[in-house]
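Engineer: Prediction below, plus the sequence it came from.
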Amino acid sequence: MNFGPVSRQDSLQLKGYRHACHVMIYAPSDEKLFGKIPIRYAVLMQLRFDGRLGFPGGFVDPADGSLEEGLNREVGEELGAGLALAESDHMCTHACSTPPQKLVTHFYTKKLSLAELQDIERGAVTAREHGKEVMGLVRVPLYTLRDGIGGLPAFLSNSFVGNARCQLVDALRSLQLVREPWLQLAIKHSHR
Ligand SMILES: O=c1[nH]cnc2c1ncn2[C@@H]1O[C@H](COP(=O)(O)OP(=O)(O)O)[C@@H](O)[C@H]1O
């Protein structure tokens, strides 16, 4: 699937496309792995029913009224959390015209405190779609271990749905959650 960037506004004029909205929830963390490797940020993704990784969210129905109302409905079903995501949380939009479906993906990011993010993790196991469409939330390791593979490079080697992998890398870069040289190395050493 080939996704290209498009503005949120222009994407809404596209004919025959379905729209999907997804959100990356993250929080600063001063925790350390094994007491020494800084975690720096907790970043949430989810393991989906199809075995791939993606972000919370989904298709927006015309009945939803707005993209953000659709996103909040999907997030409620998947996480059981009322996040009240708004247009100001929007980060980027991409369109893909490759068959079988014309798709626009809208991506949002939301910074929370670690305590708020942990509340979402706890609540997610009681959400409607837990164990069905969503197999569980996962945190993205942002560090790279000494072997050069463990951590972010190995995580990026997983299978991702749609353009979720690009959304993750772009967000880590633009929000400066991972420093550029480490991000470059992680991409280079991932099995993709
Ligand atoms: O995290 C993501 N980022 C980008 N695209 C995604 C992500 N998750 C799913 N998609 C794509 O968005 C569309 C909607 O998928 P999803 O399974 O989230 O919707 P649904 O829960 O409404 O069925 C699918 O075409 C899928 O390829």
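Structural biologist: On my side now, so go ahead.

Engineer: what kind of secondary structure is residue 169 in?
Structural biologist: Residue 169 carries the three-state label helix when classified by DSSP: H, G, I helix; E, B strand; the rest coil.

Engineer: Looks like residue 45 contacts residue 52 (just checking).
Structural biologist: No. Using Cβ atoms under 8 Å, residue 45 is not in contact with residue 52; the gap is 10.1 Å. Every residue, glycine included, has its C-beta placed from N, CA and C.

Engineer: Identify the contacts common to these two.
Structural biologist: Taking Cβ atoms under 8 Å, 6 or more residues apart in numbering as the criterion, residue 45 and residue 52 both touch residue 164.

Engineer: higher neighbour count, these two?
Structural biologist: The residue with more neighbours, out of residue 45 and residue 52, is residue 45; 22 against 15, by other Cβ atoms under 10 Å.

Engineer: Give the other helices and strands that the helix or strand harbouring that one contacts.
Structural biologist: Using DSSP states H and E, residue 45 falls within strand 37-48. Secondary-structure packing of strand 37-48 (3 or more Cβ pairs under 8 Å, 6 or more residues apart in numbering; DSSP states H and E): strand 18-33, strand 53-54, helix 114-124, strand 134-139, helix 164-174.

Engineer: Tell me the residues on the chain that lie near the ligand, please.
Structural biologist: For the chain, the contact set with the ligand under Cβ under 6 Å from any ligand atom comprises 20, 22, 54-55, 57-59, 103, 105, 133, 161-164, 167.

Engineer: Buried only: go through those for me.
Structural biologist: Applying 16 or more other Cβ atoms under 10 Å to the residues of the chain next to the ligand, the neighbour count classes 20, 22, 54-55, 57-58, 103, 105, 133, 161-164, 167 as buried.

Engineer: sorry, back to before: identify, out of the helices and strands packed on strand 37-48, the most deeply packed stretch.
Structural biologist: Of all the helices and strands packed on strand 37-48, strand 53-54 has the most neighbours on average by mean count of other Cβ atoms under 10 Å, namely a mean of 21.

Engineer: after it, next one along is what?
Structural biologist: Following strand 53-54 in sequence order, the next helix or strand is strand 57-59 (DSSP H and E).
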